[in-house]
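Undergrad: What would the 3D arrangement of this be:
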Amino acid sequence: QVQLVESGGGLVQAGGSLRLSCAASGRAFSNYIMGWFRSAPGKEREFVSAISWSTGVTYYDDSVKGRFTASRDNAKNTVYLQMNSLKPEDTAAYYCAARPGIWNLSKNKNDYGYWGQGTQVIVSS
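TA: Model (predicted):
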């Protein structure tokens, strides 16, 4: 059974940094795309970043490009989202997601079949 478990959220001041982790288990993820999404109160879940587990190729939404970095650790079966220069508008619940694939990094949440439970990030001004 596929399980994705996020951690690393918390409260941080604007300009600060956090690193989110997503521990994946239940199958081999070498041919999977791992996505990061976020949901703010009153807003739809939106795409943040994606990374190909096989190639390490990444894809970012324009709102986080240059501030957030996705990476993966194959030995630990864990993907990370390093978030720097955080802004109050980054406040949201952050979710890890997975879909089969190597090159097809999608920003459409409906393309991802596996989801974690989310971790809350609050950025104070």
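
Undergrad: drop to CA atoms for contacts and neighbour counts, all remaining ones
TA: OK.

Undergrad: give the contact list for S106.
TA: Applying CA atoms under 8 Å, 6 or more residues apart in numbering, one finds that S106 lies in contact with A50.

Undergrad: same deal with Y94?
TA: The contact partners of Y94, by CA under 8 Å, 6+ apart, come to W36, F37, R38, S39, G118, T119, Q120, V121.

Undergrad: residues in contact with the helix or strand containing R19?
TA: Applying DSSP states H and E as the criterion places R19 in strand 18-25. Contacts to strand 18-25, defined as CA under 8 Å, 6+ apart, come from residues 1-10, 12, 76-84, 96.

Undergrad: out of those, which are buried?
TA: 3-9, 12, 78-84, 96 (16 or more other CA atoms under 10 Å).

Undergrad: In strands, which of those residues fall?
TA: If you go by DSSP state E, the buried ones among the contacts of strand 18-25 have 3-7, 12, 78-83, 96 in strands.

Undergrad: Out of the residues you listed, which is nearest to S52?
TA: V79 (10.1 Å; CA to CA).

Undergrad: Just give me the neighbour total for the closest residue to that closest one other than its chain neighbours.
TA: Nearest residue to V79, sequence neighbours excluded (CA to CA, 6 or more residues apart in numbering): R72, at 4.1 Å. When neighbours are defined as other CA atoms under 10 Å, R72 has 20 of them.

Undergrad: same thing with T69?
TA: Neighbour tally, T69, other CA under 10 Å: 19.

Undergrad: got a list of what the closest residue to it other than its chain neighbours touches?
TA: In space, and not counting its chain neighbours, T69 is closest to Q82: 5.0 Å by CA to CA, 6+ apart. The contact partners of Q82, by CA under 8 Å, 6+ apart, come to S17, L18, R19, L20, F68, T69, A70.

Undergrad: what about 7 Å?
TA: L18, R19, L20, F68, T69, A70 (CA atoms under 7 Å, 6 or more residues apart in numbering).
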